[in-house]
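> model the structure of this input:
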Amino acid sequence: MKTALITGANKSIGFEAARQLLQHGYHVYLGSRDLQNGQQAADLLKAEGLAEVEPIQLDVTDSASIAAAREALGHKTSSLDVLINNAGILGSTSQPALTSSLGMIKEVFETNVFGVIAVTQAFIDLLRQSPAPRIVNVTSGLGSLTLHNDPSWKYYPVKGAAYQPSKAALNAYTIMLAYELRDTPFKVNAVDPGYTATDFNHHSGPGSVADAAARLVKAALLGPEGPTSQFFSDDNAPEKGISPW
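Numbering: from 1, shown residues only. Purely as a prediction, here's the structure:
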């Protein structure tokens with residue numbers, strides 16, 4: 001049975017991605033910063049008849065938590081087929097470039113960038129044991145530098161000094177990671193789930209959690225001929241599904 005680890009999966013898009021991968025026959029390790037919340041989420045999925053799910057305590061900003069999660073997973077499986085780096089934070093609602101606190105910006109980068117790097121590096125050995133490993137980095141359309149410099153873009157005024165740059169940095173890391181793994185079976189992609197109604201944005205987005213999660217799962221299920229080092233975004237590039245970086 002194929003296996004998947006999803007960070008920040010106890011609710012919202014991560015939780016729905018877990019549900020959809022379970023429906024595809026995966027065994028899912030449901031990463032949650034709070035283990036009790038993770039257990040409650042796993043119990044909800046089991047109540048739906050989706051039994052192949054286990055919660056795992058994983059705080060992507062805590063090196064000890066990441067190391068413990070890696071050790072725990074190593075006792076459960078010898079390989080990992082999918083890693084979805086989903087955990088992310090927004091930071092303060094207002095993020096002006098000239099007045100945002102450095103502390104807030106660092107906090108956003110700790111989760112959205114450094115957390116992804118730390119988790120990926122910790123679990124890469126298990127991923128290498130898979131015949132077809134997939135890494136999905138959950139980004140945002142707001143991470144596109146090209147679009148942010150285009151006054152005709154519908155989200156052009158939506159600027160911020162922390163969240164948007166953190167996702168641009170995550171996109172850059174995705175490219176570097178995909179390049180390093182270019183001659184292997186890995187597929188490494190950044191996926192924008194779209195402007196989705198979640199707790200993250202006070203349910204202001206028009207998209208559904210099911211559709212958002214399906215975008216992540218689609219990248220997780222790519223076949224051997226599928227693309228790598230891409231920025232998938234149906235919201236920003238509905239015709240081709242690929243966003244400019």
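> tell me the secondary structure for V108?
helix (DSSP: H, G, I helix; E, B strand; the rest coil).
> relative to L102, how far out is it?
From V108 across to L102, the span is 11 Å (Cβ to Cβ, to the nearest Å). Placement of C-beta: from N, CA and C, glycine included.
> any idea which element the closest residue to V209 other than its chain neighbours lies in?
In space, and not counting its chain neighbours, V209 is closest to E16: 4.8 Å by Cβ to Cβ, 6 or more residues apart in numbering. Following DSSP states H and E, one finds E16 within helix 12-23.
> off-centre distance for that helix?
Its chain's C-alpha centre and that of helix 12-23 lie 12 Å apart, by Cα atoms, centre = their mean, to the nearest Å.
> not counting that helix itself, show me its contacts.
The contact list for helix 12-23, computed with Cβ atoms under 8 Å, 6 or more residues apart in numbering, reads 4, 6-9, 28, 30-31, 41, 45, 48, 50, 52-53, 82, 84, 86-87, 138, 193, 196, 198-200, 209-210, 212-214, 216-217, 220.
> thought T139 was touching T174?
Yes: applying Cβ atoms under 8 Å as the test, T139 and T174 come out as touching, 7.4 Å apart.
> overlap in contacts, these two.
190, 231.
> hang on, the earlier thing: and the helix holding E16, which residues are buried?
Judged by neighbour count using 16 or more other Cβ atoms under 10 Å, the buried positions of helix 12-23 are 12-22.
> just the buried ones out of the contacts of helix 12-23, please.
Applying 16+ other Cβ under 10 Å to the contacts of helix 12-23 flags 4, 6-9, 28, 30-31, 41, 45, 50, 52-53, 82, 84, 86-87, 138, 193, 196, 198, 200, 209, 212-214, 216-217, 220 as buried.
> mind checking which of those residues are in helices?
With helices taken from DSSP state H, the overlap with the buried ones among the contacts of helix 12-23 comprises 41, 45, 209, 212-214, 216-217, 220.
> ok, the closest residue to F109 other than its chain neighbours to G160 distance?
Counting by Cβ to Cβ, 6+ apart, F109 lies nearest to S166, which is 5.1 Å off, once chain neighbours are set aside. Distance from S166 to G160, counting by Cβ to Cβ: 9 Å.
> also G14?
As judged by Cβ to Cβ, G14 and G160 stand 22 Å apart.
> got a list of what V119 touches?
By Cβ under 8 Å, 6+ apart, the contact set of V119 is 7, 58, 60, 66, 83, 85.
> residue closest to the middle of this protein?
For the chain, N86 is the residue whose C-alpha lies nearest the centre (Cα atoms, centre = their mean; 2.6 Å).
> this structure: strands as residue ranges?
Taking DSSP state E, the strands of the chain run over residues 3-6, 27-32, 53-57, 82-85, 134-138, 187-191, 231-232.
> quick one, the fifth one and strand 187-191 angle?
Here strand 134-138 points in a direction 20 degrees away from that of strand 187-191 (axes from the mean of the first three to the mean of the last three Cα atoms, to 10 degrees).
> strand 134-138 - what's its average pLDDT?
What strand 134-138 shows for mean pLDDT is 99.
> buried residues in it, which are they?
Within strand 134-138, judged by 16+ other Cβ under 10 Å, the buried ones are 134-138.
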